[in-house]
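# sequence first, then the predicted structure:
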Amino acid sequence: MNKTIAYYEANATDYFEQTRDIDMSPLYDRFLPLLPPGGHILDAGCGSGRDTKVFLERGFRVTAIEASAPLAALASRFAGCRVRVMRFDELPFEAEFDGIWACASLLHVPRRELPAILHRLAGALVLGGYLYVSFKRGDAQRSSGGRHFTDMTRESLLETVASEPKLSAVELWETADRREDRASEFWINAVLRRGTVPPQI
């Protein structure tokens, strides 16, 4: 994980420029309607601040965290709010958020550490709150360009979620990468809920 953070610290500007303008509307449309108007969102691993900016513009309260200090500074200026420098294993929150957005961020956590991180995230949600996560599709744990990646299939993600009794899977779906030059790459997306899933979902 430290090597991954070091990558983002060394490449913060390039990563910011490459990701800040990607249109993630189809994902917002699956997640945001589940939350109360003006609800509190944790953007967990906010990267460029792209999603934090959209959530604020749509009237939500947002707490944004990012493990890379240089990237957090860029995100803070872009989104117009404070971005706290924090790792997932440092999360101090308890029952504070209506929603947690972990878009392309938990994929950097080694598989053996994911249950503990999911436990922290689940604890940060209010009862009935929702957590969005996404992973690159695959079975591998690998290093690419200095970053660690934990890939997931539907089955392995459901197995990981099952390790956290506070969370239930609401929906899993697959998408192509939103970047035009990576349209051949695919992602496994999931919405999870703290507590049982209501029958109407």
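Nice, thanks for sending it over.
# from the centroid of the protein, which residue is nearest?
Computing the C-alpha centroid of the chain and ranking residues by C-alpha atoms, centre = their mean puts residue 102 first, at 1.0 Å.
# so it touches residue 131, yeah?
Yes. The pair formed by residue 102 and residue 131 meets the contact definition of C-beta atoms under 8 Å, at 6.7 Å. Every C-beta, even on glycine, is put in place using the N, C-alpha and C of the backbone.
# run the chain-centre distance for the helix or strand where residue 122 lies.
When secondary structure is defined by DSSP states H and E, residue 122 falls within helix 114-124. Centre-to-centre, helix 114-124 and its host chain are 12 Å apart (C-alpha atoms, centre = their mean, to the nearest Å).
# list phi and psi for the residue nearest to the centre of the chain.
Main-chain torsions, residue 102, degrees, to the nearest 10: phi -120, psi 70.
# and it, how close does it get to residue 66?
Separation of residue 102 from residue 66 (C-beta to C-beta, to the nearest Å) stands at 12 Å.
# any common contacting residues for these two?
By the contact definition C-beta atoms under 8 Å, 6 or more residues apart in numbering, residue 102 and residue 66 are jointly contacted by residue 45.
# could you pull out the helices for the protein?
Shown for the chain, the helices assigned by DSSP state H span residues 2-10, 12-19, 25-31, 50-57, 69-79, 114-124, 154-162.
# now do the buried residues in the shortest one.
What that stands for is helix 25-31. 27, 28, 30, 31 (16 or more other C-beta atoms under 10 Å).
# which other residues reach it?
Counting contacts by C-beta under 8 Å, 6+ apart, the residues outside helix 25-31 that touch it are 51, 54, 99, 101, 103, 130, 132, 134, 171, 173, 175, 189, 191.
# restricted to strands, list those residues.
Using DSSP state E, the subset of those located in strands is 99, 101, 130, 132, 134, 171, 173, 175, 189, 191.
# can you tell me which residues contact the last one?
When contacts are counted by C-beta under 8 Å, 6+ apart, residue 191 is found next to 30, 31, 34, 130, 131, 132, 169, 170, 171.
# which residues sit against the helix or strand of the chain with the lowest mean pLDDT?
Of all helical and strand segments in the chain, the minimum by mean pLDDT, DSSP states H and E falls on strand 141-144, at a mean of 89. Contact partners of strand 141-144, identified using C-beta under 8 Å, 6+ apart, comprise 3, 110, 111, 148, 149, 150, 151.
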